[in-house]
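# Just need the structure, nothing else, for what follows:
(2 chains, ligands or ions: 2)
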Amino acid sequence: MSSSDSYLLIQNLTKRFGEFEALSQVSLEVDQSELICLLGPSGCGKTTVLRCIAGLETPTVGTIVQNGVDITSLPPEDRDFGIVFQSYALFPNLTVNENLGFGLANRKLPKQKIQERVQQLIATVGLEGHSDKYPGQLSGGQQQRVALARALATSPGLLLLDEPLSALDAKVRQRLRREILDLQRKIGITTVLVTHDQEEALTMGDRIVVMDHGVIAQTGTPQEIYSNPTTPFVANFIGKMNFLDGIASGNGEVAVNQFSFDCAQATETLSLGDRVLLCIRPEDIVIYNSDFDNNEINCNNAIVIDTEFLGSVFRVRLAFEESSSTEFIAELPPSDMRSLEIESGANVSIKFPPERLHVYLA
Amino acid sequence: MATASAIVTKYSRDDKFQGGILVLIALVVAVAVLLPLFTIFLKSVENRDGQFVGILNYVEYFQTPALVASIYNTIIIGVVTTVIVITLAFIYAYALTRSCMPYKNLFRSISLIPLLAPSLLPAIALIYMFGNQGYMKELMFGYEIRGPIGIVISLVFWIFPHVVILLSTALSTADGRLYEVAKVLRTKSIRTFFKITLPAAKYGVMSACFVAFLYAITDFGACKVIGGWFTVLSLDIYKQVVGQQNFQLGSVVSVILLLPVVVTFIAQRQVQRKQTAQITPGSVPYQPKPNRRFDLLMLLYCIAVSIILFAILGTAAYASFVKFWPYNLSLSLTNYQFNLMDGGSWQAYRNSVVMSLYTAFIGTAVIFCSAYFIEKTRRYRGLRSSLNFLSIVPLATPGMVLGLAYLFFFNDPLNPLNFIYKTMIILVLANIVHYYTVPHLTATTALKQLDVEFESVSASLKVPFYKTFWHVTLPICIPALSNIWIYLFVTAITTVSAVVFLYGHDTNIAAVAVVNMDDAGDVAPAAAMAMMIVYTAMGVRIVHWLLTHFIEKHTQKWRQQKLTSD
Ligand SMILES: Nc1ncnc2c1ncn2[C@@H]1O[C@H](COP(=O)(O)OP(=O)(O)O)[C@@H](O)[C@H]1O
Ligand SMILES: [Mg+2]
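Residues are numbered from 1 along each chain as shown, chains lettered A, B, ... in the order given. Ligands and ions are numbered 1, 2, ... in the order given. Take a look at the predicted model:
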């Protein structure tokens, strides 16, 4: 990706609050019309990035370029963005109508134009019939939509969303994810969405930026991040992952207990004797009957410790041998469970497909 | 890219505007608070000709036993008043918060009545009750009401409502869960009181003690009227300045009075901080359970206290209508003919009302706006937190000290603002500054409750901050504004200490007239004038209450929540 055609370009952003470094060397590019998700645990600096983009915090070091203009030292008033805060910050004493018209009234537009635009916004977010209500009279989901519409009212070039759905309950959240996404696609507005919810990031982001303690751990599409996490932190934070302690035994092989696994396809370059973490996702582990030919690559005997029914999948806890401390988890559909007759104490064969293994230096 | 120099966000138009206002506020604070107070210290180390004499004035002070006695007297009055008023008010507040007695709201209102009177009023009433010609003087068993006894009773009456408010708050923030546990464990109620109630209210009670002590040691009105031979520091300031024109000694006494005040004040702030830290988010409010004997006992107590409060107020009211106490008890309005009295006039009453209205309107606007700029401006952090700190200073400045500071500062012919001395302007200014802190805290609390991102949203919508202030911040804060207004009006009309050095011939005010008429021996007209203050404060309070209800009904509709679910 060349930097010239990206809409928002952040370089080496560092933010210190006194001694504490909240952001270190964050660099990021967002294309026109792209929806990018900043994902990370609470306190990792997501909101701080967003506030720097908005001009609500002054970076200690770094540059921010939006649409070809260096905005690093511009006050928020002189930038071009709409923002939805976690709290929504709706004006409680103004009706939905007045909230949406608040930014428009200042543009010296004729009253009628303002009303047209407000009506259009109300229709866009599906709040017909609520225009004269006060925010306190709306449900959480409706308030969220008002906040979104207000941020879009002045047709900004950039939309900033800080955990927009975190205050809502699960059902509403799912529906609004879809709605926000559709709306964003329709308008084509470049969007930065902050969330600590990996599911939200995976379903909504064109690309995801995973953050950890003020640094970017990985950037990529949801599939890339999920299938090729570049650090144990990302691997652990997104989806589920088995972590097995191992030692590099040469030839791209890793030994876990006395078993050897071919990890030639994993990215890390290893030298003999390195302590490593061997990782595989639960759904990537293949289980066979115990009479399966164990000589196939990365196959081994294992014993089922217990199983857990989760609805659409079973979670199976396994160990390479009885009373071994090295345990791992596999997930498989109920149909496989039935055909393989898996139950506590059963002996099975498992396979760690080489192309599904991740290895990190411990 | 290596950026050696720090990134500085450019100043937007809003930023510059807000910066200008903050600088203006800082200038006003300097002129209205810091410089005048500094002059007091300056005067205390100068001789009459304005030459620096070091601690000579202090030496003179400490070599005059009559003056030094006042230090001891003041502290004694403070301690005794505090012990009595805290005890009485604690039981009262306990009844209001922890019993199931009926008419709680009524008793709460009754306890607030003394707020509507100047501290001069209970003193005058006590003279009618227990003075030489008092109708209950037998109860004094030969002791003299004029002196420490009278001062303490007057102050207890006058400080009572302040302490009831503080203690009710402290007692009502109790965590109900603790009492549930105590009950499950079958803890005896006495033990519950000492093991749960008192520790939980500890900081609240301590804070109330300090406040009571502060009010008691800085009062002027009650001591002036009923002090008799007994002297206290605030009275000495008045005597030195008004009686003997000895400004140097007056300022020495002021500085000496400031010492215990500042120490108490700092202690109070520390304790209060601990008190607020105690309220945890998970706390469940305590719900008292009916207990017939206890509730009846509490009810009787509150009735008894109410009777005493009404007796004091009623005596002053009655005395003001009596023709010639105690010889001719027929009722008349003779005492209200202020124009015939030395030191009083209806003009003074009118001035008081005008002054209080100006104080309330201008004060509310100024205090709220500066609290807004201090709280809601994005930049200038250092300046804002200094201003926030300085806004606390008036609370630690006794009215007498502030008044004297203004006298020194604004009466100086070299001061270009000299023209405001003895005008309505200086009276209003002194009142706003004297009572600045409480409204400032009220405004700040209200502003803190607003979403911190309103200003950010406005900036993103490119709406200038003043539009958001006008359309959002201000309307939401109407209840706070209304509270500030009435607080300022009532305190301004009842106060005497801050303005006793500042009024002029055309700007005499009611509370000062009470002092002067009492001085001249016209006690009944003084009572009448004091009652005029009470009637006015009460009337304005009632009108204010009605108006507030009306306005809130019409502007605060949005507060009614009607949640629809998703
Ligand atoms: N104004 C501030 N002053 C000091 N520390 C701050 C400030 N704002 C944020 N921080 C700190 O910076 C870190 C990142 O905060 P934030 O960006 O809000 O995290 P996130 O949004 O990812 O939860 C946190 O540790 C937080 O305590
Ligand atoms: Mg955050």
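
# where in chain B is pLDDT low?
Within chain B, the ranges that satisfy pLDDT under 70 run B:1-4, B:173-175, B:277-285, B:561-566.

# How about it: which residue is closest to ligand 1?
Nearest to ligand 1, among the residues of chain B, is B:R381, at 10.4 Å (Cβ to the nearest ligand atom). C-beta here means a position set from N, CA and C on the backbone, and glycine is covered the same way.

# Next, count neighbours for residue 63.
Looking at chain A here, since you left the chain open. Other residues within reach of A:T63, judged by other Cβ atoms under 10 Å in any protein chain shown, total 18.

# I was thinking of chain B, sorry if that wasn't clear
B:Q63: 9 surrounding residues under other Cβ under 10 Å.

# what does B:R186 give?
For B:R186, using other Cβ under 10 Å, the count is 6.

# Just the element for the residue nearest the centre of chain A, please.
Nearest residue to the geometric centre of chain A (Cα atoms, centre = their mean): A:A201, 3.2 Å. Taking DSSP states H and E as the definition, one finds A:A201 inside helix A:198-204.

# and whichever residue of the stretch 301-450 of chain B sits closest to chain A, what is it in contact with?
Using Cβ to the nearest Cβ, the single residue of the stretch 301-450 of chain B nearest to chain A is B:R378, 7.7 Å away. For B:R378, the contacting residues are A:L56, B:D15, B:Q18, B:E455, by Cβ atoms under 8 Å, 6 or more residues apart in numbering or on different chains.

# List the residues that contact residue 203.
In the absence of a named chain, this looks at chain A. A:R177, A:L181, A:P222.

# wait, chain B
Residues near B:Y203 by Cβ under 8 Å, 6+ apart: B:A170, B:V271, B:Q272, B:K274, B:Q275, B:Q278.

# And the residue nearest to it when sequence neighbours are not counted, how far from B:T169?
Spatially, and ignoring its direct neighbours in sequence, B:Y203 is nearest to B:Q275 (3.7 Å; Cβ to Cβ, 6 or more residues apart in numbering or on different chains). Counting by Cβ to Cβ, to the nearest Å, the gap from B:Q275 to B:T169 is 9 Å.

# what's the burial count for B:T74?
24.

# That one against B:I217, yeah?
Yes. The criterion here is Cβ atoms under 8 Å, and B:T74 meets it with B:I217 at 5.1 Å.

# which residues do those two both contact?
B:V232, B:L233, B:S234, B:L257, B:P260.

# Show me the residues you listed that map onto strands.
Assigned to strands by DSSP state E, none of the shared contacts of B:T74 and B:I217 qualify.

# CSV for these, including neighbour count and distance to A:D80?
Output for those, formatted as CSV (neighbours: other Cβ atoms under 10 Å in any protein chain shown; distance: Cβ to Cβ, whole Å):
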residue, neighbour count, distance to A:D80
B:V232, 29, 66
B:L233, 29, 63
B:S234, 28, 61
B:L257, 23, 59
B:P260, 18, 59
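
# residues contacting the residue nearest to B:Y203?
With contact set as Cβ under 8 Å, 6+ apart, B:Q275 has these partners: B:A170, B:Y203, B:G204, B:S207.

# hmm, try it at 10 Å
B:L166, B:T169, B:A170, B:T173, B:A200, B:A201, B:K202, B:Y203, B:G204, B:V205, B:M206, B:S207 (Cβ atoms under 10 Å, 6 or more residues apart in numbering or on different chains).

# what does A:A346 give?
A:I287, A:N289, A:S290, A:A302, A:I303, A:V304, A:I305, A:T307, A:V316, A:L318, A:L340.

# The last one contacts A:L332, correct?
Which is A:L340. Yes. Using Cβ atoms under 10 Å, A:L340 makes contact with A:L332 at a distance of 8.1 Å.

# overlap in contacts of these two?
Residues touching both A:L340 and A:L332 (Cβ under 10 Å, 6+ apart) are A:I287, A:V316.

# Make TSV out of the contacts of A:T203 and add neighbour count and distance to B:H544.
Below are the contacts of A:T203 laid out as TSV (neighbours: other Cβ under 10 Å; distance: Cβ to Cβ, whole Å):
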residue	neighbour count	distance to B:H544
A:R177	19	50
A:L181	16	53
A:P222	19	61
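
# For whichever residue of chain A sits closest to chain B, which non-adjacent residue is closest in space?
Residue of chain A nearest chain B, by Cβ to the nearest Cβ: A:G103 (3.1 Å). What sits nearest to A:G103 in space, not counting adjacent residues and going by Cβ to Cβ, 6+ apart, is B:L461, at 3.1 Å.

# Quick one: the helices in the stretch 201-350 of chain A, in order.
Along the stretch 201-350 of chain A, the stretches classed as helices by DSSP state H, counting those that start in this stretch are A:222-227, A:232-237, A:334-340.

# Among those helices, single out whichever gets nearest to ligand 1.
Closest among the helices of the stretch 201-350 of chain A, using Cβ to the nearest ligand atom: helix A:232-237, at 12.6 Å.

# Okay, buried residues for the closest one please.
Judged by neighbour count using 16 or more other Cβ atoms under 10 Å in any protein chain shown, the buried positions of helix A:232-237 are A:P232, A:F233, A:V234, A:A235, A:F237.

# Could you dump these into CSV with pLDDT added?
Supplementary listing: the buried residues of helix A:232-237 in CSV, determined by pLDDT from 0 to 100:
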residue, pLDDT
A:P232, 93
A:F233, 95
A:V234, 95
A:A235, 93
A:F237, 93
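
# picking up where we left off before, overlap in contacts of B:Q275 and B:T169?
Jointly contacting B:Q275 and B:T169 under the rule Cβ under 10 Å, 6+ apart are B:A201, B:G204, B:S207.

# Which strand or helix spans the first one?
When you say that, I think you mean B:A201. Using DSSP H and E, the element containing B:A201 is helix B:198-218.

# Export that helix to CSV, keeping only CA atoms.
Extracted in CSV, the C-alpha atoms of helix B:198-218 (Å, rounded to 0.1, in the frame of the first residue of the first chain):
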residue,chain,number,x,y,z
LEU,B,198,-20.9,6.7,64.1
PRO,B,199,-17.8,5.4,62.1
ALA,B,200,-19.7,5.9,58.9
ALA,B,201,-20.8,9.4,59.8
LYS,B,202,-17.4,10.1,61.5
TYR,B,203,-16.0,12.4,58.8
GLY,B,204,-19.3,14.1,58.2
VAL,B,205,-19.6,14.9,61.9
MET,B,206,-16.0,16.1,62.1
SER,B,207,-16.6,18.3,59.0
ALA,B,208,-19.7,19.7,60.6
CYS,B,209,-17.7,20.4,63.8
PHE,B,210,-15.2,22.4,61.9
VAL,B,211,-17.8,24.3,60.0
ALA,B,212,-19.7,25.2,63.3
PHE,B,213,-16.4,26.3,64.9
LEU,B,214,-15.6,28.5,61.9
TYR,B,215,-19.0,30.2,61.9
ALA,B,216,-18.8,30.7,65.7
ILE,B,217,-15.3,32.2,65.8
THR,B,218,-16.0,34.6,62.9
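
# Quick one: the helices in the stretch 401-550 of chain B, in order.
Along the stretch 401-550 of chain B, the segments classed as helices by DSSP H, counting those that start in this stretch run B:424-434, B:437-448, B:454-460, B:465-468, B:474-476, B:478-494, B:510-519, B:523-555.

# Could you check the first one and say which residues are buried?
The one in question is helix B:424-434. B:M424, B:I426, B:L427, B:V428, B:L429, B:A430, B:N431, B:I432, B:V433, B:H434.

# Determine how far the last residue of stretch B:315-331 lies from the first.
Length of stretch B:315-331, first residue to last, Cα to Cα, to the nearest Å: 13 Å.
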